[in-house]
Structures are given as structure tokens and as C-alpha cells.
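In: I'd like to go over a predicted model; first the sequence, then the structure.
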Protein chains: 2
Amino acid sequence: MKTHVVYRPKLASRREFPESTLLVYDQDLLKISKSFKRWAGTFSAQLPLSAGEKTKSLERFPEIIKKVLKKTEIFSSREMTILVVGGGTLTDLGGFLASVLKRGVRLILVPTTWLAAMDSAHGGKNGLNFSGYKNQIGTFYFPERIEIIKEILFCQPPTRAREAYGELVKMSLISKSKLFSDLQKHHKIDNKKIFSSLPLAIEAKYKVVQQDPFESKKLRHVLNLGHTFAHAMEKCFKISHGDAVFYGVAFSLVWSRWKKVISEREFDVIIEATFWRQSFRSESYARLLSAPVSEVKKSLFQDKKRSSRGYLLEPFVQARGQVVLKNITTDEFLAEFQRQKKLLQKVTYASKN
Amino acid sequence: MKTHVVYRPKLASRREFPESTLLVYDQDLLKISKSFKRWAGTFSAQLPLSAGEKTKSLERFPEIIKKVLKKTEIFSSREMTILVVGGGTLTDLGGFLASVLKRGVRLILVPTTWLAAMDSAHGGKNGLNFSGYKNQIGTFYFPERIEIIKEILFCQPPTRAREAYGELVKMSLISKSKLFSDLQKHHKIDNKKIFSSLPLAIEAKYKVVQQDPFESKKLRHVLNLGHTFAHAMEKCFKISHGDAVFYGVAFSLVWSRWKKVISEREFDVIIEATFWRQSFRSESYARLLSAPVSEVKKSLFQDKKRSSRGYLLEPFVQARGQVVLKNITTDEFLAEFQRQKKLLQKVTYASKN
């Protein structure tokens, strides 16, 4: 498990990649970036794909493999490299593809979204959906190199930066790093800010992953901070993963305070630094807490299956850089969901009067 | 990479396997073995499959995954175990399945053929065919346990023992072990003999695999002794893999002598011990050497793709337990093929007169 993370202002030249390279990329990039289009033209073997959950499905996989085998026919398997330029769904697909093609070929990722660049591209996990269920099929497979390209990441619309903020805050809490104090200083979230935070966020992720690369010791589970809530919200509303995680971390923090896992003081520092107090009063969090309990329950059961002995392994925040895991029943989660709902109603009512 | 190999006279009782176990098996076993049928009945989750190359294909994989997910719905992913009872095609399919299901679940193999029991089930390689090409998709994934069950292996027809002999001889040459002197002593090949040789043959395989579990150092390649020839013959004739390997090792030995890699004396000892001298004069080897050169060439090109820089990485025998790898061009291989053909014609002619 050795991934080399490289930061570059622009896409590296063709000769930085092995001769037997298949370029797999999000076809929208051709429209979005002229310099990408020019660069892609230097690869003789390429496979443009549409981004999205449907592309990374087992149902579509044989058809993709067929194309890949055809396009790489003349390559020696021992030197073959899959180079993926895309967001989380394509890095997932490409990672899986590289891991199973001829029992594993070289893999280089160039993430094009903030979430892929700071989170999903790193850590070796990939996955394909099946029958509408996420990541039923997948492997742990570490890319040889991940290239963080400023020019490419800045092609994203500014709203993506706000969405990315959720995972950034999560990263600032899961391991001790300068990321938290760095976020404390800045109150503006834009592409520039997110880009400058990437090295610390990525470093924080690797710190956790290195302790438990194949998730066998459950230590990696701290990376799921806020994700039980987020998954449920993503099922109930049209909400981006980043925003769902943003509120998910808030949910976990309030729960951590209620369970006295975190001190009042530490809770306040974190909330202050990440200016969540506002968002707690915003319509959005209230809207999320209005989700039908039956739907939340369904989502919890799916998450529970991934954990052992019928419990949810839920991350709680003890302090900045200290997350602890606790076995939680689905009933306990639902009770907390209802409690925060009432709490918010009270706060909202108080602020209106 | 830690696989525990267990030898048992009969199938282990249900409680030797985790509760969340899916039994995947060759459906023919139900007809062949009453005790297997009884035993299979103790598993509530089971998936009978037909053996053969068609079952282990990427085209059929989504359909199999669908059944597997349905049958394991109530299992916790963290404790799920895939238990495969079958020959090489099913252990390949089951191994791949376990390696990608929820990013990897536990795997236990019970090989039912000699070739699977002594070779293919061990070493962590699995694979699916695609568009008629073998093992295009696969992973390295080591089973937790492999159970060698006498009762089950003895269900095979006696001809299988002769076929298995080819891989056994190969194993006796690739690493220093008592297997060679053991084979020297016995001139009868039957189920009993093959079964008693399994521990030494399996040990010999692990000795090689442990030096290079993921085939990154090419050391594992010595296990391919005789396989370039064997692959070509399997494409040209209706011949079992075991028999093809048997003659493949013979081909490699004669070539090794011609290239002076092995001494005349050592060559004679090996040939004497494994009584190949007879088989050299048999119709069969002559028939194999009558294969159309164009077909052999095609097969070589497919093998060459798996090696690097356009060479075949061909194992040669230096002495018992000492195999060396040499880069060979396809032309060199074909020249040797023609040379042995002429040589055999001479020998056959001489013996007739």
C-alpha cells in the first residue's frame, strides 16, 4: 500500500505515463476544458465514459471490459496502466477495473472533483453497484499515483466547494493535524481555499488508512464520521454527499455532547470554528430532521449489515483529532434523531420569539 | 497470505464452518456422492452450479452475483464465508466471487479434482474467462482454509489419477522436496498414490508461492514449467490439462538438455524416475508434435502477452528442484518444436527397424 500523491498546476505531459496506458475519462471534460481535450489527444488508447452511479454498475461492467480488452489488445499485461481522469464514480470504476484486469494492472488516478481529490480517490477502496445497491462488488486496490491537478479541479462550479466543506470538516476532526486550526482561520469557502486545504486533508486520511489499510481492524471506520446520518439523508432528499456529510458531522457532534463523549467546551470550540451554529438554525437542517422515520430506519438497516453482530459502529467525537467508535442499536440512533428534531424545534421557536 | 491446509478422511461437520456460510458446489456431486448430498443438506444457504469453463465467465457473473446476494441477504458482510466444493473452474469462480463480494469475504475451498487439490486451489490465483479468452479478469486472493477430503477426491474415475500425474511430476522438479524420490519408488499411479503425494506436492507449491505471492518478482513463473507447450496442445487437441502438462514437462526437459541447461546424467535420472522414456515413444507425443505450427504460433503469442517485452519467460530444468527462467522468442520455441518433431521421427524410425 504505497500511493504517491503528486500536486501539479497543469496536467503532466504524455511521457510521464507508461507507453501501455489506457486513458479512461469523464467525457464531459472534453466540453469543460480545452486543455484537457488537447492533452487527452496525446493518448492513443482511450475510453470516454459518462460519470455517475449507473456507469459504475456490475450490469454495465462486461460491456466496459469488452471495450477495455479491445483497446489494450496490443499492450503487454505486465506493463499495462489504467489512467482514470474523473470524479468518484469513475475512480471507483477504474480502480475496480485495474484491480481485476489480468489479476491487477497499474493504476493512476486524476480526480476531477473535490470529494474525489480529498477523499474517495485515496485509501484503496473501490466499488460497483448492483441492482441499485451501492458498492456490492469491489476490492481494496491502491493506485500507484494520484495526481492532484489545480487546473482541472478549478473547472468545477463554485457550489462544489461548499459541498466539499463537509468532508473537509470531517477530516479536520478524525486525526490530529493542522487542518482544524487552518479551517478556524478562514471563513470563506471557495475553490482556492479547498485546494489549499487538500494536502492536510489527504494527509489526515492516509494517517487513518495506514493503520488499517484493509479495514480488518475496524480502525478505518472513524472515516465514516457523520455518514450514517448522511446516507439516510441521501436516500430521503436530493442532497449532495458533501452537504449530507456536513450535517451528518453536526448530528454526530450534538449526539457526542448529549452522550457526554465530548466536553461542552470542546464542543463549543469546534462549532465556533466551523461556524455550524448558524447552520443549525437554518431551514436545511430542520428539513433533514423532518425525514420520515421509516425511511431513516431502512437506511440504518442497510448500514448495520456492513457492521457486525447487528450493531451500528458509530463514530463519536471526543475532541479535535479524537474520534471513538461505539456499538449503537438502530433504536438508539432513531431516538437521537427524534431528540434532535425536538431540540431544533425548540431552538427555532425560541429564536423566532 | 496465510492458507491453512487441512486433510480429512470425510467432510467436516456443519459446525466447522461459520454460521453465515454460503455453500457453492458442483451440482454433479449430488449424483456422485450420497454423503456429499447429506452433508450439503446441512447448509441453509447454497448455490449449486455446473462445473466448466462456461460457468467461470464474466458474462455469467452478474447472474451468479444476483443469486449470491439474494441468498446471503440476511448475513452480516463481516462474517460472510464462501465455501466452494468443486474442481478448478468452481474454485476459480468462487475465489473471485469471495474476493470482490463486499470488497472481500472469507473463503474456504474444498477441491474435488486432483488438479484443483494439488495445484489450482492453492496459491491465491483465480480468474474469469471473457469472450472465450481465459482468466482475463481475476484477483490474487488467498483462501483462509483449504480442505483436502479423501472421500470426496476418491469419487473421481481412475483415469483422472493418470492425468494428475503430469502436475505431480512438475511439482517434483520445481522445488527441492522428497516428492521426487517418492515418485522414483512408485511405478503405479492410482488414486491412492496421488492422494498420498498431495502433502508433498502442496508443500512444494507453497514454497514457490511464498517467495512471490503476487507474481511481482516473476519467481512464481517456475510453476509454469511445461505450460507453454501444454497451452498450445490444449488448443490443438482434445487433451486434458494434466496430460498436456505431462508432455509439456517432457518437452521442456528435452529442450533443457539440448540447451545444456541440464547435464546428461541428471536428465537420465529424471527421465528414468518418471518413466517418460516410454511415453516419448508412444503415439501420443508424436501426435502432439504433429500439431500445425501456425496454431502453436498463435498460442505462443497469447502466452507472450502475459510476459514482458515480447519474450516468453520459459522455465528450464537445471536439476531436480532447480528450475531457471529464460527469455525466449517465439521463433526459438517453434524451432525447438520442429527439432523435437524430427528427433522423434528418427527415434520412432530407429525403434521400428
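Out: Nice, thanks for sending it over. Remember, predicted model here, so these are calculated numbers, not experimental data. Residues are numbered from 1 along each chain as shown, chains lettered A, B, ... in the order given.
In: Any stretches of the stretch 1-150 of chain A with poor pLDDT?
Out: Applying pLDDT under 70 to the stretch 1-150 of chain A flags residues A:1.
In: can you pull out the strands in it?
Out: Ranges of strands in the stretch 1-150 of chain A, per DSSP state E, counting those that start in this stretch, are A:4-8, A:21-26, A:46-49, A:81-86, A:106-111, A:128-130, A:133-137, A:145-149.
In: And the ones you listed: which comes nearest chain B?
Out: strand A:133-137 (4.8 Å; Cβ to the nearest Cβ). For every residue, glycine as well, the C-beta is placed using N, CA and C.
In: What's the local residue count around A:Tyr7?
Out: Look at A:Tyr7: counted by other Cβ atoms under 10 Å in any protein chain shown, it has 13 neighbours.
In: Okay, the closest residue to it other than its chain neighbours and B:Arg8: tell me how far apart.
Out: Excluding the flanking residues, the one nearest A:Tyr7 by Cβ to Cβ, 6 or more residues apart in numbering or on different chains is A:Ile148, at 4.8 Å. Counting by Cβ to Cβ, to the nearest Å, the separation of A:Ile148 from B:Arg8 is 53 Å.
In: Pick out whichever of the two has more residues nearby.
Out: A:Ile148 (20 against 14).
In: roughly how far apart are that one and A:Lys54?
Out: Taking Cβ to Cβ, one finds A:Ile148 at 27 Å from A:Lys54.
In: hang on, isn't A:Pro266 packed against A:Gln322?
Out: Actually, residue A:266 is Glu rather than Pro. No. With contact defined as Cβ atoms under 8 Å, A:Glu266 does not count as touching A:Gln322 (9.3 Å).
In: list the buried ones in the helix or strand hosting A:Met171?
Out: Assigned by DSSP states H and E, A:Met171 belongs to helix A:159-174. Residues of helix A:159-174 classed as buried under the neighbour-count rule (16 or more other Cβ atoms under 10 Å in any protein chain shown) are A:160-174.
In: For the next helix or strand after that helix, which outside residues touch it?
Out: Using DSSP H and E, the helix or strand that follows helix A:159-174 in sequence is helix A:179-185. By Cβ atoms under 8 Å, 6 or more residues apart in numbering or on different chains, the residues outside helix A:179-185 that reach it are A:168-169, A:171-173, A:197, A:200-201, A:204, A:273-274, A:320-321.
In: helices and strands around the helix or strand where A:Gln345 lies, which ones?
Out: A:Gln345 belongs to helix A:330-352 when assigned by DSSP H and E. Applying 3 or more Cβ pairs under 8 Å, 6 or more residues apart in numbering or on different chains; DSSP states H and E, we find helix A:330-352 packed against helix A:241-258, helix A:276-281, helix A:283-289, helix A:293-306, strand A:312-319.
In: The ones you listed: which one's closest to B:Leu49?
Out: helix A:293-306 (24.9 Å; Cβ to Cβ).
In: Next, the angle from that closest one to strand A:312-319.
Out: With axes from the mean of the first three to the mean of the last three Cα atoms, to 10 degrees applied, the angle from helix A:293-306 to strand A:312-319 works out at 90 degrees.
In: which residues touch helix A:293-306?
Out: A:133, A:228, A:231-232, A:235-236, A:310-312, A:330, A:333-334, A:337-338, B:76-78, B:102.
In: Just the buried ones among the residues you listed, please.
Out: For the contacts of helix A:293-306, buried by 16+ other Cβ under 10 Å: A:Thr228, A:His231, A:Ala232, A:Cys236, A:Leu312, A:Thr330, A:Phe333, A:Phe337, B:Ser76, B:Ser77, B:Arg78, B:Lys102.
In: Quick one: residues contacting the first one.
Out: Applying Cβ under 8 Å, 6+ apart to A:Thr228 gives the contacts A:Gly248, A:Leu300, A:Asp303, A:Leu312, A:Glu314, A:Phe333.
In: can you tell me which of the helices and strands packed on helix A:330-352 the model trusts least?
Out: Mean pLDDT across the helices and strands packed on helix A:330-352 is lowest at helix A:276-281; the value there is a mean of 55.
In: Quick check: residues of chain A near chain B?
Out: A:58-59, A:61-62, A:65-66, A:69, A:76-79, A:96, A:99-104, A:125, A:127, A:130-131, A:133, A:135-140, A:214-215, A:305-310 (Cβ under 8 Å from any Cβ of the partner chain).
In: Now the buried members of those residues.
Out: So, by 16+ other Cβ under 10 Å, the buried ones in those are A:58, A:61-62, A:65, A:69, A:76-78, A:96, A:99-104, A:125, A:127, A:130, A:135-140, A:215, A:305, A:307.
In: Counting only helices, which of those residues make the cut?
Out: A:Phe61, A:Pro62, A:Ile65, A:Leu69, A:Phe96, A:Ser99, A:Val100, A:Lys305 (DSSP state H).
In: Return the member of those nearest to A:Glu16.
Out: The nearest one, if we look at those relative to A:Glu16 and count by Cβ to Cβ, is A:Ser99, at 22.4 Å.
In: what sits against that closest one?
Out: A:Leu107, A:Asn126, A:Thr139, A:Tyr141, B:Thr139.
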